[in-house]
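>>> This is a predicted model, with the sequence first.
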2 protein chains.
Amino acid sequence: MSINETFKALSDENRRKILDLLQNGDLTAGDIAKHFEMSKPGVSQHLSILKNAELVYAIKKGQYVYYSLNSTVFQDVLKWVIQFNSTTKGEDLC
Amino acid sequence: MSINETFKALSDENRRKILDLLQNGDLTAGDIAKHFEMSKPGVSQHLSILKNAELVYAIKKGQYVYYSLNSTVFQDVLKWVIQFNSTTKGEDLC
DNA sequence: TAAGTAATTAAGTAATTACTTAAATATTAA
DNA sequence: TTAATATTTAAGTAATTACTTAATTACTTA
C-alpha cells in the first residue's frame, strides 16, 4: 500500500530472495520453502508480508497456493529511486 | 557496501526523508536535525547508517559536518529494481 | 584559556521484527 | 470417514532496531 510498507518488505534478504525465485516463474508456497533453511511457517510469514506489500500475488489452486510477482508496485520503487539518479549515470540503464 | 545494507538503510522512513532533504542541496547535521522531532543524536545515528551504506557523503568543515547525496549506490538499487520492471511498463519512465 | 556551539559516542530501554513449534484449516485421495 | 499433504494462524521468544539522555570530542571565539 504505502511506499514505506514496500521498503520494509524489501529490506529483508530472504524476502528479496523469494522475489528473485519468482522471476523464473510462479511457485507454490511449498516449492519456495524448499529453497530456505527456515521453517515453512517462517517462509509463509515472509510471503504474507510480500503479499500485503503487493509485491506478489497469491492464487489458491486446490490445496496449493501459487505465488507470482506483481510488477505494479515495483513501478513506485523505480520512480522513487529514479529521483536520485535522473541527473546522473542512471539514464543509460533504461 | 552490500545491497542488503542499502535496503536496510532505505527501509526507514526518517532516513528516506533525510535523502529527500538532501536533494535540495547539501546540509549540515544540525540543519537536517531541525526537520525532525527526534533528538539530535537520533538523527546523527540515522546519518551514520546512511553514510555506512554509502548513500550519503559527510565532509567536515570546521565545526560543521556537511552531508550530501552519493548517487553511486542508488545505481545498484536502480539495477535491482529494473530486473523486475524490464519486461513491463517500466521502460517509459526512463 | 575558558565558554559556547556542533556533532558524535556510549549506554540503556522500548518497540519491532524474524524466527520457532504447535495447532488449526483446507483440500485430496484411500 | 479417515489419513495424508499443503498452507496458514497462533503464541511465544530471541535478536535487532530506533529511540532516549548523558557524556565526550572537536572546533570557534571571547
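That came in fine, so what should we check first?

>>> Going by C-alpha atoms from here, please, whenever you check contacts or count neighbours.
Fine.

>>> Poorly predicted segments of chain A, please.
Residues of chain A meeting the criterion pLDDT under 70: A:86-94.

>>> what are the ranges of the helices in it?
According to DSSP state H, chain A carries its helices in the segments A:3-10, A:13-22, A:29-33, A:40-52, A:72-83.

>>> contact partners of the first one?
So the one you mean is helix A:3-10. Defining contact as C-alpha atoms under 8 Å, 6 or more residues apart in numbering or on different chains, one finds that helix A:3-10 is touched by A:15-16, A:49-50, A:53-55, A:73, A:76-77, B:7, B:10-13.

>>> repeat for the shortest one
Contact partners of helix A:29-33, identified using C-alpha under 8 Å, 6+ apart, comprise A:18, A:21, A:39-40, A:43-44, A:47, A:64-67.

>>> To what extent is the residue in chain A positioned nearest to DNA strand D buried, counted in neighbours?
Going by C-alpha to the nearest atom of the strand, DNA strand D is nearest to A:Gly30 of chain A, at 2.8 Å. Counted by other C-alpha atoms under 10 Å in any protein chain shown, the residues lying close to A:Gly30 total 14.

>>> what's the answer for A:Thr72, then?
If we define neighbours as other C-alpha under 10 Å, then A:Thr72 has 16 of them.

>>> Report the contact partners of it.
A:Leu55.

>>> same thing with the one 4 residues further on?
Remark: with contacts taken as C-alpha under 8 Å, 6+ apart, A:Asp76 is in contact with A:Ile3.

>>> so how far is DNA strand C from it?
To DNA strand C, A:Asp76 is 19 Å away according to C-alpha to the nearest atom of the strand, to the nearest Å.

>>> same thing with A:Leu21?
16 Å.

>>> Understood, closing this out.
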